[in-house]
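K.L.:
Dropping the sequence and predicted coords here.
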Amino acid sequence: MEVRIGIVNAPTEVKVDMDDEMSADQIRALINESVAAGQGLVWLTDRKGRQTGFPADRIAYVELGLSGDDTRIGFS
């Protein structure tokens, strides 16, 4: 599952390709709990075991989607 997180006053979004074992509901619950608890950072671990942390109080938006979803339009 691909997770995209927009951070307030950051020019680019954080993109994490999560392990398929985690459902969208589990990821949503993890982020909601971190924000509600006022934790400094929300940590997500990607498919390769890399950890990405981002500030819980600076989240602008979270987008959850399937890995491989490609909504780009262009010419081949």
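P.N.:
Arrived safely, thanks for sending. Numbers count the residues shown, from 1 in each chain.

K.L.:
quick one, helices of the protein?
P.N.:
Listed from the start of the chain, the chain has helices (DSSP state H) covering 24-37.

K.L.:
Show the residue spans covered by the strands in it.
P.N.:
Assigned strands in the chain, in chain order: 2-7, 14-17, 41-45, 51-55, 59-65 (criterion: DSSP state E).

K.L.:
Find out how far the last one is from the centre of the chain, if you would.
P.N.:
What it means is strand 59-65. Centroid displacement of strand 59-65 relative to its chain, using C-alpha atoms, centre = their mean, to the nearest Å, is 6 Å.

K.L.:
again, but for the first one
P.N.:
In terms of C-alpha atoms, centre = their mean, the gap separating the centre of strand 2-7 from the centre of its chain is 4 Å.

K.L.:
if we can go back for a sec, and the strands of the chain: which comes nearest Ser34?
P.N.:
Nearest to Ser34 among those is strand 41-45; the distance by C-beta to C-beta comes to 4.2 Å. For glycine as for every other residue, the C-beta is placed from the backbone atoms N, C-alpha and C.

K.L.:
that older thread, ok, which of the strands of the chain comes nearest Val35?
P.N.:
With respect to Val35, and counting by C-beta to C-beta, the nearest of the strands of the chain is strand 59-65 at 6.6 Å.

K.L.:
returning to what we had before: can you list the strands of the chain in TSV and add mean neighbour count, distance to Ala24 and mean pLDDT?
P.N.:
Below are the strands of the chain laid out as TSV (neighbours: other C-beta atoms under 10 Å; distance: least, C-beta to C-beta, whole Å; pLDDT from 0 to 100):
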stretch	mean neighbour count	distance to Ala24	mean pLDDT
strand 2-7	17	9	92
strand 14-17	16	13	91
strand 41-45	16	13	90
strand 51-55	14	17	91
strand 59-65	14	5	90
